[in-house]
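> my questions are about this predicted structure, shown below with the sequence.
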Protein chains: 2
Amino acid sequence: MKPIAIYWRNAVPNPAKVVIILEELGLPYQSKWLELEELKQPAFESVNPNGRVPAIIDPNTNITLWESGAIVAYLVETYDKDEKITYTSFPEKYLLQQWSYYQASGQGPYFGQAAWFNKFHHEKLHSAQERYGNEILRVVGVLDSALKDKEWLVGTKCTYADLAFVMWNINIDFVMASGPVKWDIEAFPHFKEWMDAMKARPSVAMAMKSLQEKEIKSEGKI
Amino acid sequence: MKPIAIYWRNAVPNPAKVVIILEELGLPYQSKWLELEELKQPAFESVNPNGRVPAIIDPNTNITLWESGAIVAYLVETYDKDEKITYTSFPEKYLLQQWSYYQASGQGPYFGQAAWFNKFHHEKLHSAQERYGNEILRVVGVLDSALKDKEWLVGTKCTYADLAFVMWNINIDFVMASGPVKWDIEAFPHFKEWMDAMKARPSVAMAMKSLQEKEIKSEGKI
């Protein structure tokens, strides 16, 4: 199997979300680093017209694909034939998609806005900071409730739907530290236990380490 | 076939996004109206722990599902056996997911924030209004470029990925009217042509009409 090319910048959650899946499935990969100013240029826009990372090119199937949620769906359907981190049974396959879409539309963008207004916006907008800080608490509360009587979001094993949430969740301490909304993970014990179980996985440890790397690659195991 | 129950509020884009697909596929459905204050209450949270519409219950398969992107994927995979609005071929099936995730994560949340800060936030935050107004222009620009040399986002027919974008796009005039960022659809001719073609479809006309209705239903055609 030839290495899958992953267009890569470190320090941001979405490319690392794909690295977790590549590592879980033991797939070979090789990063293609992009400078910030290269994202919205024609060369990379011919790969991803939206000018964002991650994107992948898989030379084994000749697909070029962007949007982390779609990349994860592709990798799992194509390469996780043993269902290590997925289910193809009904209704589990659709419940996996439900949580995956919730992560992509309800967690990522809102946690990202909290980071923006707390860390990077050129003026302090207190009511915008409050809005997104409170939304983080609400989303974490939804996850905590969902995990009250079960270990994983879908079925009885860790799946790609659980793993999709990790990289933004890991950043909550950083995101909330300079904002007006108080954050204490101890208020969400089921959420905390779930996160601790995922942080102990080698794939997640590798993805966290990758946040500091300009180049990432793996020979893979298949 | 028994009618699919759709948890419903009018005047918001995401439930109507599901109505388009129900109509395209000729499926029978019946709405379950929710007042705003019922969304975050235990009765509905037992259906959708995230407390948002849409959600569906399909008595034909006994699935309960939320997140509009996942509901659309379920409906199309289960009921669009003739591939009227989908492809199951490679790589089209993954390109459909790519655009569907882009709509769910890159269009919906950001267009929603523009609406929030222009229409509903308790104070005017000019730089937040600018941020999201400019993001609408950027996303519409990405779609306009993608449609420069083709009629539809994926393949040679209108698919669920195109249709997913309609309800938020239709709202841009309303969202931008009271904001600081100038909007002129004439600057995006490919986008405009694509939107006009979709607005001419009976499914989209029905979904637009449904925005004003408290109860919606259909006997279906299958």
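Great, that's in hand. Numbers count the residues shown, from 1 in each chain, chains lettered A, B, ... in the order given.
> which strands and helices lie in contact with the biggest helix by length in chain A?
Ranked by number of residues, the top helix in chain A under DSSP state H is helix A:126-146. When contacts are defined as 3 or more Cβ pairs under 8 Å, 6 or more residues apart in numbering or on different chains; DSSP states H and E, helix A:126-146 packs onto helix A:108-115, helix A:172-177, helix A:189-199. C-beta: built from backbone N, CA, C; applies to glycine.
> how about 10 Å then?
When contacts are defined as 3 or more Cβ pairs under 10 Å, 6 or more residues apart in numbering or on different chains; DSSP states H and E, helix A:126-146 packs onto helix A:92-102, helix A:108-115, helix A:166-170, helix A:172-177, helix A:189-199, helix B:108-115, helix B:126-146.
> the fourth one and chain B, are they touching?
So that's helix A:172-177. No - on the criterion Cβ under 10 Å from any Cβ of the partner chain, helix A:172-177 is out of touch with chain B, staying 16.3 Å away.
> which positions in that helix come out as buried?
Under the neighbour-count criterion of 16 or more other Cβ atoms under 10 Å in any protein chain shown, helix A:172-177 has A:172, A:175-176 buried.
> as a markdown table, those residues with pLDDT and distance to residue A:64 would be great.
Shown next, in a markdown table, are the buried residues of helix A:172-177 (pLDDT from 0 to 100; distance: Cβ to Cβ, whole Å):
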| residue | pLDDT | distance to residue A:64 |
| --- | --- | --- |
| A:172 | 97 | 32 |
| A:175 | 96 | 31 |
| A:176 | 97 | 36 |
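> can I get those in CSV with distance to residue B:202?
Listed next are the buried residues of helix A:172-177 as CSV, based on distance: Cβ to Cβ, whole Å:
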residue, distance to residue B:202
A:172, 45
A:175, 45
A:176, 47
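> contacting residues for residue A:48?
Residues near residue A:48 by Cβ atoms under 10 Å, 6 or more residues apart in numbering or on different chains: A:7, A:39, A:54-56, A:64-67, B:98, B:102, B:142.
> over to residue A:95?
Shown in contact with residue A:95 (Cβ under 10 Å, 6+ apart): A:87, A:153-155, A:159, A:161, B:63-66, B:70, B:74.
> which member of those residues is positioned nearest residue A:186?
residue A:153 (21.2 Å; Cβ to Cβ).
> tell me, how many residues neighbour that closest one?
Neighbours of residue A:153 under the rule other Cβ atoms under 10 Å in any protein chain shown: 22.
> try the one 10 residues further on
The burial metric for residue A:163, expressed as a neighbour count using other Cβ under 10 Å, is 23.
> so it is in which element?
In the assignment (DSSP states H and E), residue A:163 maps to helix A:160-164.
> same thing with residue A:30?
Secondary structure assignment for residue A:30, by DSSP H and E: strand A:29-33.
> break chain A down into its domains, please.
A:4-84, A:92-203 (automatic domain parsing).
> including distance to residue B:125, could those go into JSON lines?
JSON lines is the format used below for the domains of chain A (distance: least, Cβ to Cβ, whole Å):
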{"stretch": "domain A:4-84", "distance to residue B:125": "25"}
{"stretch": "domain A:92-203", "distance to residue B:125": "5"}
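> re earlier: mind checking which of the contacts of residue A:95 are in strands?
Secondary structure from DSSP state E places B:63-66 of the contacts of residue A:95 in strands.
> closest to residue B:115 among the residues you listed?
Nearest to residue B:115 out of the ones in strands among the contacts of residue A:95 is residue B:66 (Cβ to Cβ; 21.1 Å).
> give me the beta-bridge partners of the closest one?
With beta bridges defined as DSSP bridges, residue B:66 has these partners: residue B:55.
> follow-up on the earlier one: mind listing what's buried in whichever helix or strand comes after the strand holding residue A:30?
Under the assignment DSSP H and E, the closest C-terminal helix or strand after strand A:29-33 is helix A:42-45. Across helix A:42-45, burial judged by 16+ other Cβ under 10 Å covers residue A:44.
> what distance separates helix A:42-45 from the centre of its chain?
23 Å (Cα atoms, centre = their mean, to the nearest Å).
> any idea whether the residue lying farthest from the centre of chain A is helix, strand or coil?
What lies farthest from the middle of chain A is residue A:123; by Cα atoms, centre = their mean that is 28.1 Å. On the three-state scheme (DSSP: H, G, I helix; E, B strand; the rest coil), residue A:123 is labelled coil.
> let's have the contacts of residue A:95 in a markdown table, adding distance to residue B:217.
Listed next are those as a markdown table, based on distance: Cβ to Cβ, whole Å:
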| residue | distance to residue B:217 |
| --- | --- |
| A:87 | 33 |
| A:153 | 32 |
| A:154 | 31 |
| A:155 | 34 |
| A:159 | 35 |
| A:161 | 32 |
| B:63 | 20 |
| B:64 | 19 |
| B:65 | 19 |
| B:66 | 20 |
| B:70 | 22 |
| B:74 | 20 |
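> quick one: buried ones out of those?
A:87, A:153-155, A:159, A:161, B:63-66, B:70, B:74.
> with distance to residue A:19 and pLDDT as added columns, please give those residues in JSON lines.
JSON lines is the format used below for those (distance: Cβ to Cβ, whole Å; pLDDT from 0 to 100):
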{"residue": "A:87", "distance to residue A:19": "22", "pLDDT": "98"}
{"residue": "A:153", "distance to residue A:19": "20", "pLDDT": "98"}
{"residue": "A:154", "distance to residue A:19": "22", "pLDDT": "98"}
{"residue": "A:155", "distance to residue A:19": "23", "pLDDT": "98"}
{"residue": "A:159", "distance to residue A:19": "17", "pLDDT": "99"}
{"residue": "A:161", "distance to residue A:19": "17", "pLDDT": "98"}
{"residue": "B:63", "distance to residue A:19": "32", "pLDDT": "98"}
{"residue": "B:64", "distance to residue A:19": "33", "pLDDT": "98"}
{"residue": "B:65", "distance to residue A:19": "29", "pLDDT": "98"}
{"residue": "B:66", "distance to residue A:19": "28", "pLDDT": "98"}
{"residue": "B:70", "distance to residue A:19": "24", "pLDDT": "98"}
{"residue": "B:74", "distance to residue A:19": "28", "pLDDT": "98"}
